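> The amino acid sequence is not available; the structure is as follows:
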């Protein structure tokens with residue numbers, strides 16, 4: 001009798017576990033379908049299109065052309081310029097955003113009157129869209145009615161108005177300045193959260209050993225928050241590389257394509273040329289570059305050993 005009861009209890013337990021598994025699977029199914037439909041299908045379709053002649057205005061002539069799209073983009077001076085711009089766009093933006101963001105985070109980590117209000121002003125840009133940021137800075141950089149030109153003239157720093165967005169010598173610098181302003185908030189938020197987790201006992205021990213502020217920063221603060229630093233810089237570099245919204249809002253890639261980065265050039269090929277094959281080829285190049293960068297970054301920084309990856 002006891003054996004039969006044990007057998008029935010076991011079957012009920014197995015049945016209950018199977019029911020739970022089916023319930024979990026059915027609950028996850030809508031999310032999985034959405035991911036497959038809006039992420040993996042476009043990704044796989046883009047890989048196929050990179051090897052096709054896929055022109056929006058000539059859909060009757062869609063055919064496989066091998067590596068012709070890749071040959072075309074690598075021989076295009078605009079692609080070479082966008083590749084160079086992407087490197088300076090990511091490097092200068094990332095270094096400036098991190099440095100200023102860390103400085104602000106260190107300031108906000110100390111208690112002072114009005115800190116909450118100041119935090120709100122610092123974090124506010126991160127709530128805005130990149131395209132809107134581009135439009136705001138487009139007005140600021142305007143050569144005729146822009147505030148920046150007006151302030152420089154009033155201060156006597158320039159004798160005539162500068163075409164920040166129309167002069168190729170100034171255009172790339174201008175979009176980088178706008179991107180730096182936009183991304184400072186991200187580093188300030190993330191690094192401030194990391195700084196607030198540093199135990200005060202470490203600073204007290206440092207003070208007992210005679211360590212000053214600079215020594216505490218490099219021997220206590222930065223080593224303790226290094227996992228967050230590595231994570232945020234990796235993610236932010238990828239986001240900067242992929243995000244063309246500020247450039248589109250400011251210059252739309254101009255003047256004469258001198259401010260195009262790879263992501264904005266890819267959109268330009270789609271929106272103005274209808275060449276989905278060439279745009280997909282640029283997207284594949286971007287994926288390969290990001291993959292190589294991530295592998296190199298994780299290898300050099302040994303981030304995996306810090307427990308963040």
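Cool, the structure landed. Fair warning: this is a prediction, and the values are worked out from it, not measured in the lab.

> what does the model give residue 71 for pLDDT?
In this prediction, residue 71 carries a pLDDT score of 90.

> Name the helix or strand for it, please.
helix 68-74 (DSSP states H and E).

> ok, residues contacting that helix?
50-53, 79-80, 277-278, 280-282, 284-285 (C-beta atoms under 8 Å, 6 or more residues apart in numbering). Every C-beta, even on glycine, is put in place using the N, C-alpha and C of the backbone.

> same for the helix or strand following that helix, what does it pack against?
Per DSSP H and E, helix 68-74 leads on to helix 77-108 as the next helix or strand towards the C-terminus. With contacts taken as 3 or more C-beta pairs under 8 Å, 6 or more residues apart in numbering; DSSP states H and E, helix 77-108 sits against helix 115-123, helix 168-195, helix 222-242, helix 262-271.

> For the last one, give the mean pLDDT please.
Here the mean pLDDT over helix 262-271 is 88, rounded to a whole number.

> again with the longest one
In this model, helix 168-195 has an average pLDDT of 89.

> do the first one as well
Computed over helix 115-123, the mean pLDDT rounds to 77.

> helices and strands around the helix or strand following it, which ones?
Downstream of helix 115-123, the next assigned helix or strand under DSSP H and E is helix 130-140. In terms of contacts (3+ C-beta pairs under 8 Å, 6+ apart), helix 130-140 is packed against helix 147-154, helix 168-195, helix 245-250.

> relative orientation of helix 130-140 and helix 147-154 in degrees?
Compare the direction of helix 130-140 with that of helix 147-154 by axes from the mean of the first three to the mean of the last three C-alpha atoms, to 10 degrees and you get 30 degrees.

> quick one, phi psi at the residue nearest to residue 153 when sequence neighbours are not counted?
Spatial nearest neighbour of residue 153, excluding adjacent residues (C-beta to C-beta, 6 or more residues apart in numbering): residue 161 at 7.1 Å. Main-chain dihedrals, residue 161, degrees, to the nearest 10: phi -70, psi 140.

> what do you get for residue 155?
Dihedral angles (degrees, to the nearest 10) for residue 155: phi -80, psi -10.

> Was I right to think residue 281 contacts residue 50?
Yes - with contact defined as C-beta atoms under 8 Å, residue 281 and residue 50 form a contacting pair (4.5 Å).

> Could you check which of those two is surrounded by more residues?
Taking other C-beta atoms under 10 Å, residue 281 and residue 50 do not tie; residue 281 has more neighbours (28 against 22).

> ok, now which ones touch the more buried one?
With the criterion set at C-beta under 8 Å, 6+ apart, residue 281 makes contact with 50, 69, 70, 72, 73.

> Of these, which is the nearest to residue 254?
When those are ranked by distance to residue 254 (C-beta to C-beta), residue 73 comes first, at 19.5 Å.

> Can you get me a residue count around that closest one?
A count of nearby residues for residue 73, using other C-beta under 10 Å, gives 26.

> separation between it and residue 276?
According to C-beta to C-beta, to the nearest Å, residue 73 and residue 276 sit 13 Å apart.

> how far away is residue 241 from residue 295?
15 Å.

> quick one: low-confidence parts of this structure?
Low-confidence segments of the chain (pLDDT under 70): 1-19, 303-309.

> neighbours of residue 220, just the number please.
Residues near residue 220, counting by other C-beta under 10 Å: 17.

> check contacts around it.
Residue 220 is in contact with 198, 202, 203, 206, 211, counting by C-beta under 8 Å, 6+ apart.

> residue closest to the middle of this structure?
Closest to where the C-alpha atoms of the chain average out (C-alpha atoms, centre = their mean) is residue 239, at 1.2 Å.

> returning to that earlier point: to residue 217, which of the helices and strands packed on helix 130-140 lies closest?
It is, among those and with distance given as C-beta to C-beta, helix 168-195, at 10.5 Å.
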